[in-house]
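Participant: need a structure here:
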Amino acid sequence: MTAEERDPGLQPERTRLAWRRTTLSCTVAALLAGKQALHGGASGAGIVALALSALAWLGFLWVANRRVQAMGGARPRPLEAPGAVTAAACTIALAVFAAAMLF
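Facilitator: Residues are numbered from 1 along each chain as shown. This next block holds a predicted model:
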């Protein structure tokens, strides 16, 4: 059986949906960070945290978009290490920036 004949089942679709859900969660986190940063007036630290949150969100969006597109083939390749590290770093960065904005 060749790669073109392979029936991958629903696993690639579930993976695409998981990436989309995670991207939506990161978008909500970035928007809430923006709201928190601008609440009660914009301070310098708030603007920096907002800019870093937006940068982390864009990085995650880039990785997620590439991964969703890669899932379209008959035999999708595994996520490579740089993409996984970037996605993890962006997720951790969003959490750290969100926590920093609370103080």
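
Participant: For residue 81, give its distance to residue 37.
Facilitator: Taking C-beta to C-beta, to the nearest Å as the measure, residue 81 falls 32 Å from residue 37. Just so you know, the C-beta spots here come from the backbone N, C-alpha and C atoms, and that holds for glycine as well.

Participant: higher neighbour count, the two?
Facilitator: residue 37 (21 against 8; other C-beta atoms under 10 Å).

Participant: how about the more buried one, what does it touch?
Facilitator: By C-beta atoms under 8 Å, 6 or more residues apart in numbering, residue 37 lies in contact with 43, 46, 47, 49, 50, 53, 101.

Participant: Looking at these, which gets the smallest pLDDT?
Facilitator: Minimum pLDDT for the contacts of residue 37 is recorded at residue 101 (71).

Participant: The helix or strand where residue 33 lies: which residues count as buried?
Facilitator: Here residue 33 sits within helix 11-38, counting by DSSP states H and E. Across helix 11-38, burial judged by 16 or more other C-beta atoms under 10 Å covers 12, 15, 16, 19, 23, 26, 29, 30, 33, 34, 36, 37.

Participant: pLDDT weak spots in the protein?
Facilitator: 1-8, 40, 74, 102-103 (pLDDT under 70).

Participant: Tell me which two of the contacts of residue 37 sit farthest apart.
Facilitator: The largest separation in the contacts of residue 37, counting by C-beta to C-beta, is between 43 and 53 at 14.5 Å.

Participant: between those two, which one's more packed in?
Facilitator: The neighbour comparison of residue 43 against residue 53 (other C-beta under 10 Å) goes to residue 53, with 27 against 11.

Participant: Report the spatially closest residue to residue 86, excluding sequence-adjacent ones.
Facilitator: Spatially, and ignoring its direct neighbours in sequence, residue 86 is nearest to residue 63 (5.0 Å; C-beta to C-beta, 6 or more residues apart in numbering).
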